[in-house]
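Participant: Next one to model:
(one chain, ligands or ions: 1)
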Amino acid sequence: MAKTVHFVSILGVFIATGYSFALMNSESKAKKIADNLQAVFGILIFVSAFWLASVLDLNSNFPRWGKLKTVLWFLLTILGIFSTKKKYASRGLFAVIFILGFLAIGIAVFKP
Ligand code: HEM
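Facilitator: A predicted model of the protein is given here:
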């Protein structure tokens, strides 16, 4: 269950971020919904991550890849907040967000 929530939130955050990027210069309601969904799924990634870590009994010996992902999650959250502000949103910022997002998936799969 924790893993399912983790996966669905990751998919959700990528889709919401894609919409947020596509609607970067829009004042529409859809843009607001995309930004809010990005926030909700982003928080759910964090909640499900530590839920998953406790189900897998990782908390007593927290792995290095887990720490790396936690740092990346913080970075992505801060950049994500900036990306929803018109003043800071740019193609470059979204490119960095997507690259770091893929890096987080790489860390999850290869567990360096
Ligand atoms: C940046 C956001 C994150 C992304 C994109 C992400 C992505 C993923 C992916 C793709 C998997 C499946 C890997 C596999 O089964 O091979 C996974 C599993 C997992 N993630 Fe995350 N994750 C993120 C944040 C976190 C954080 C912050 C933690 C902190 C504890 C975490 C803990 C875990 C754990 C414990 C697993 C299960 C590993 C296993 O089954 O051995 N994730 N994550």
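Participant: correct me, but residue 37 touches residue 16?
Facilitator: Yes. Counting by Cβ atoms under 8 Å, residue 16 is a contact partner of residue 37 at 4.0 Å. From N, CA and C alone the C-beta is placed, and that goes for glycine too.
Participant: Name the residue in these two with the higher neighbour count.
Facilitator: Just comparing residue 37 and residue 16: by other Cβ atoms under 10 Å the higher neighbour count belongs to residue 16, 21 against 17.
Participant: and that one, which of the three is it?
Facilitator: helix (DSSP: H, G, I helix; E, B strand; the rest coil).
Participant: any idea how far it is from residue 33?
Facilitator: 8 Å (Cβ to Cβ, to the nearest Å).
Participant: Report the buried residues of stretch 100-112.
Facilitator: Residues of stretch 100-112 classed as buried: 101, 104, 107, 108 (neighbour count, 16 or more other Cβ atoms under 10 Å).
Participant: near the ligand, from the residues you listed?
Facilitator: Subset of the buried residues of stretch 100-112 in contact with the ligand: 101, 104, 108, counting by Cβ under 6 Å from any ligand atom.
Participant: With pLDDT and secondary structure as extra columns, can I get those in CSV?
Facilitator: Supplementary listing: those in CSV, determined by pLDDT from 0 to 100; DSSP: H, G, I helix; E, B strand; the rest coil:
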residue, pLDDT, secondary structure
101, 98, helix
104, 97, helix
108, 95, helix
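Participant: So what's the model's average confidence on the one helix or strand residue 73 maps to?
Facilitator: Secondary structure from DSSP states H and E places residue 73 in helix 64-83. Taken as a whole, helix 64-83 has an average pLDDT of 97.
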